[in-house]
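1. Fold the following.
(2 chains)
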Amino acid sequence: GNSVTQMEGPVTLSEEAFLTINCTYTATGYPSLFWYVQYPGEGLQLLLKATKADDKGSNKGFEATYRKETTSFHLEKGSVQVSDSAVYFCALSTGPTGGGNKLTFGTGTQLKVEL
Amino acid sequence: GAVVSQHPSRVICKSGTSVKIECRSLDFQATTMFWYRQFPKKSLMLMATSNEGSKATYEQGVEKDKFLINHASLTLSTLTVTSAHPEDSSFYICSARFLGTGGYGYTFGSGTRLTVV
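-> Below you'll find the model as predicted:
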């Protein structure tokens, strides 16, 4: 079956620090990979995605590269801000267009950025 | 585009009563919607997949008689927590699948905080 493993949190960084949140996956077929962000008390928002190997998703300074050889999709940002404090979820779906019936989520990683 | 509106955002109900949560797609037709439950500091647990005009598909361990799902139109899915008990208190999130320019995507509601007292 499909599964997503994320690094344990919480992660606490100073503003302008470099961020990496690790994500690895196990999937049948060719999954699409996603990073979602959840701010306190809210639903999830799509941060970025990649649909095939070696694709790089990017948005708001965040990047993640689909690495098939290491089955990874690590999230990075060069300089975090206090406003980036949230919970980040790695997820995958399977299907020819990433339109599998459901998303499989990792456990989430809480990020706290301090001044 | 592809916006989902979820209501209410917060609800407090007495034990034994039922609560309905609505999830509406505002600018697209959602043939497939998903209902998740999120425990504090935990990931999202998929409860069921809701398909317009047919019965929902429940995940293992989820009581279908407890969590009633109705998807009677292409823009509305509802989750009714029947005979709620304090252990049903949680954060419930709906999601809809849509077809965009980059293929299929998933959009999420803002969640409903249910507290059963």
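2. tell me the contacts of the residue most central in space within chain A?
-> In chain A, the residue lying closest to the centroid (Cα atoms, centre = their mean) is residue A:35, at 3.1 Å. Counting by Cβ atoms under 8 Å, 6 or more residues apart in numbering or on different chains, residue A:35 touches A:23, A:46-49, A:57, A:62, A:64, A:73, A:75, A:88-91. Heads up, the C-betas are built off the backbone N, CA and C, glycines and all.
3. cool, residue A:50 as well?
-> By Cβ under 8 Å, 6+ apart, the contact set of residue A:50 is A:32, A:33, A:56, A:57, A:64, A:65, A:66, A:73.
4. just to revisit the earlier point, make sure the residue nearest to the centre of chain A is indeed in a strand.
-> Yes: with DSSP: H, G, I helix; E, B strand; the rest coil as the criterion, residue A:35 is part of a strand.
5. mind listing what the residue lying closest to residue B:23 once chain neighbours are set aside touches?
-> Nearest residue to residue B:23 in three dimensions, chain neighbours excluded: residue B:94, at 3.5 Å (Cβ to Cβ, 6 or more residues apart in numbering or on different chains). By Cβ under 8 Å, 6+ apart, the contact list for residue B:94 reads B:4, B:6, B:21, B:23, B:33, B:34, B:35, B:36, B:77, B:79, B:108, B:109.
6. Report the separation between residue B:94 and residue A:1.
-> 24 Å (Cβ to Cβ, to the nearest Å).
7. Please apply the same query to residue B:111.
-> From residue B:111 to residue A:1 the distance is 26 Å (Cβ to Cβ).
8. So between these two, which is more surrounded?
-> residue B:111 (21 against 6; other Cβ atoms under 10 Å in any protein chain shown).
9. who are the neighbours in contact with the more buried one?
-> Taking Cβ under 8 Å, 6+ apart as the test, what residue B:111 contacts is A:41, A:42, A:43, B:6, B:9, B:38, B:91, B:92, B:93.
10. I'm done for today, thanks for sticking with me.
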